[in-house]
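J.: Compute the structure for the input listed below.
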Amino acid sequence: MAKRVSRQATAELDDEEPTERLFDPSRLPISSELQSYIADELKRIIAFEAKTKRRVRLRKVEDHKRFERVVSAILCDLAHAHLEERGSWRYATFSKEILGRAGRGPDFITETFPGIVRLLSEPAIALVEYEPGRYSPFGGRCTTLRAGKILRSAIRKHGFHFGDLKSDLALRGESIRLRGPKQEGKKRGAVMLVPLGEPADGFRREVDQLNQWYDKADLACDVLPDGRRCDLSSRYLRRHFNNGRMDHGGRFFGAFWLDMKAAHRLQCLTINGERVVSLDFGQCAVRIAYGHAGVSVPAGDLYGVGNLSRDGVKKVMNALLHSSKELSRFPRDTRPDFGPGFGFHQVVRIIQARHAPIAHLFGTGFGMTGFFIESQVIVKSLLELMDMGIVALPVHDCVVVPRSAALAARDVLLKTFTEVTGAVGEVEMEQDKYATTRLPQ
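T.: Here you go, the predicted structure:
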């Protein structure tokens, strides 16, 4: 049992966006080449319906427009999925109860959606492949879709890429997500309905405001060192909350820059044509814990504890803050950081002595509360920087800004950290190691 607790303690540090994705009906073709291809496929589909007598009458004008919009959305999102990762699937519901519910998704996704998917998967059409009734990480069972052989062939033939697509921001759906507590044997808790009213409404307004700002931002990215291209249209942030509570978690997920390696952001990303700098909060979790306890942050390196390994102390402290139970052995992969002369309980006692004012938070699950406080710092800073005309991109406990705005952004982050947490913050600047001009520290 103790071993499982230790693994849980480190797993609770992760709240990544699932690699599995829901079908996204917001995608649109913006290049003339992709628009023309979809128009040709629509003609082929309608001719197939007539030849096989799938339909004996033409659709009404409004029904036909809706049909075209659904087909376009399916082809665009499955093409996007294939460009992200060949052969990847998208989750979608075929539930008539959900599809027929007013206010649940775009108005063109109705009870006809499953029939259109089946039509596109006909062997003679071969634009879609689907598998019904698979377990979904988003809750319940869903149908999975991916590009069929004809669509895959067209992507290769025409050289379609991310630049042929865009997203309609109004159709991206809920900008905040709530997950329940993690269940035994599962990586994430089930997706829950976001409660009505405050604070959810306020959080949603803030994220929507930021998404509108990023939708117009001048962002560009060079080809990554591994040869991949970033999907610059993927700018829609979603804020994730955890454990069925709106005061646990709260970090951002979803936008393309969050999936980039830190070094690649500094090497390849530009904002307003400028290279960027990363502003990271130093020793953030521990400083937040001190602020929560109402005690001044001690001087010096907070992870410098006696003659213990700094990296080891950092890992163990984060595990202690995130675990909801008392740990009895080293968290996974941390034992090698300590010499054979140190047992786990001895290490914990040394850390507790160094950080006695916050030791009562160890083993209480404070970590998700800390994440929420951290996310509030980031959100408040982003909104203030937006008011100043500075585009700042969130990456969990750091922000990425144009190099010319680095010092101004650092001042905002430090001020906001103290206002929200009650503790003194520390911000570390990092830029591309090959930059010719060094920023002041």
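
J.: Helices along the stretch 251-400 of the chain, start to end?
T.: For the stretch 251-400 of the chain, the helices defined by DSSP state H, counting those that start in this stretch occupy 262-268, 284-293, 310-322, 344-354, 366-387.

J.: Tabulate those (a markdown table), appending mean pLDDT.
T.: Formatted as a markdown table, the helices of the stretch 251-400 of the chain follow (pLDDT from 0 to 100):
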| stretch | mean pLDDT |
| --- | --- |
| helix 262-268 | 94 |
| helix 284-293 | 96 |
| helix 310-322 | 94 |
| helix 344-354 | 94 |
| helix 366-387 | 97 |
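
J.: out of these, which comes closest to residue 142?
T.: Among the helices of the stretch 251-400 of the chain, the nearest to residue 142 by CB to CB is helix 366-387 (27.0 Å). Quick note: C-beta positions are derived from backbone N, CA and C, even for glycine.

J.: how distant is the closest one from the center of its chain?
T.: Relative to its chain's centre, helix 366-387 lies at 15 Å (CA atoms, centre = their mean, to the nearest Å).

J.: Buried ones in it, by neighbour count?
T.: Buried residues in helix 366-387, defined by neighbour count with 16 or more other CB atoms under 10 Å: 366-386.

J.: before we move on, what about stretch 324-334?
T.: Neighbour-count burial for stretch 324-334 [16+ other CB under 10 Å]: 324, 327, 330, 331, 334.

J.: Helix or strand with the lowest mean pLDDT in this structure?
T.: Ranked by mean pLDDT, DSSP states H and E, the weakest helix or strand in the chain is helix 2-11, scoring a mean of 38.

J.: other SSEs contacting the following helix or strand past that helix?
T.: For helix 2-11, the succeeding helix or strand toward the C-terminus, using DSSP states H and E, is strand 21-22. Judged by 3 or more CB pairs under 8 Å, 6 or more residues apart in numbering; DSSP states H and E, strand 21-22 is in contact with strand 90-92.

J.: burial of the nearest residue to residue 273 once chain neighbours are set aside, as a residue count?
T.: Spatial nearest neighbour of residue 273, excluding adjacent residues (CB to CB, 6 or more residues apart in numbering): residue 218 at 6.8 Å. Applying other CB atoms under 10 Å, we find 11 residues neighbouring residue 218.

J.: surely residue 218 meets residue 274?
T.: No. With contact defined as CB atoms under 8 Å, residue 218 does not reach residue 274; the gap is 9.4 Å.

J.: what's the domain layout of this protein?
T.: The record's domain split for the chain, according to automatic domain parsing, is 1-14+172-441, 25-169.

J.: model confidence over the last one, on average?
T.: pLDDT averaged over domain 25-169 equals 89, rounded to a whole number.

J.: Isn't residue 31 up against residue 164?
T.: Yes. Counting by CB under 8 Å, residue 31 does reach residue 164; the two are 4.1 Å apart.

J.: neighbour-wise, which of these two wins?
T.: Shown here are residue 31 and residue 164; by other CB under 10 Å, residue 164 has more neighbours (23 against 15).

J.: Looks like that one contacts residue 36 (just checking).
T.: No. In this structure, residue 164 is not within contact of residue 36 by CB under 8 Å, at 10.9 Å.

J.: neighbouring contacts of stretch 45-59?
T.: Residues from elsewhere that reach stretch 45-59 (CB atoms under 8 Å, 6 or more residues apart in numbering): 64, 67, 71, 119, 120, 122, 124, 125.

J.: can I get the residues you listed in CSV with distance to residue 199?
T.: Listed next are the contacts of stretch 45-59 as CSV, based on distance: CB to CB, whole Å:
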residue, distance to residue 199
64, 43
67, 40
71, 39
119, 43
120, 41
122, 48
124, 52
125, 47
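
J.: Which positions in stretch 162-180 come out as buried?
T.: For stretch 162-180, the buried set under the neighbour-count rule, 16+ other CB under 10 Å, comprises 162, 164-167, 169, 171-172, 175-179.

J.: do stretch 303-311 as well
T.: Buried residues in stretch 303-311, counted by 16+ other CB under 10 Å: 303, 305, 308, 309.

J.: just checking, the second one touches residue 350?
T.: Okay, so that is residue 305. Yes. Using CB under 8 Å, residue 305 is in contact with residue 350, at 5.9 Å.

J.: what's the overlap in contacts for those two?
T.: By CB under 8 Å, 6+ apart, no residue touches both residue 305 and residue 350.

J.: count of neighbours near residue 30?
T.: 14.

J.: With residue 59 instead?
T.: Neighbour count of residue 59, defined by other CB under 10 Å: 14.

J.: Go ahead and list the helix or strand containing it.
T.: Going by DSSP H and E, residue 59 is not in any helix or strand.

J.: and residue 174, what is it in contact with?
T.: 194, 204, 238.

J.: Mind checking what secondary structure the second one has?
T.: To tie it back to what came earlier, the one meant is residue 204. Classification of residue 204 using DSSP: H, G, I helix; E, B strand; the rest coil returns helix.

J.: In contact with it, which residues?
T.: Residue 204 makes contact with 174, 175, 176, 194, according to CB under 8 Å, 6+ apart.

J.: Can you give me the distance of residue 31 to residue 161?
T.: To residue 161, residue 31 is 9 Å away according to CB to CB, to the nearest Å.

J.: for residue 282, same thing?
T.: Between residue 282 and residue 161 the distance is 39 Å, computed by CB to CB.

J.: still on that earlier bit, now the buried residues of stretch 303-311 as CSV including pLDDT and distance to residue 393?
T.: Below are the buried residues of stretch 303-311 laid out as CSV (pLDDT from 0 to 100; distance: CB to CB, whole Å):
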residue, pLDDT, distance to residue 393
303, 95, 27
305, 91, 33
308, 91, 35
309, 91, 32
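
J.: so where is the stretch 151-300 of the chain shaky, pLDDT-wise?
T.: 185 (pLDDT under 70).

J.: Quick one: the strands in the stretch 151-300 of the chain, in order.
T.: For the stretch 151-300 of the chain, strands defined by DSSP state E, counting those that start in this stretch occupy the ranges 165-167, 176-179, 191-192, 219-221, 238-241, 249-253, 269-271, 274-281.

J.: tell me the angle of the last one relative to helix 284-293?
T.: This points to strand 274-281. For strand 274-281 against helix 284-293, the angle between stretch directions is 50 degrees (axes from the mean of the first three to the mean of the last three CA atoms, to 10 degrees).

J.: What residues sit buried inside strand 274-281?
T.: So strand 274-281, judged by 16+ other CB under 10 Å, has buried residues 275, 276, 277, 278, 279, 280, 281.
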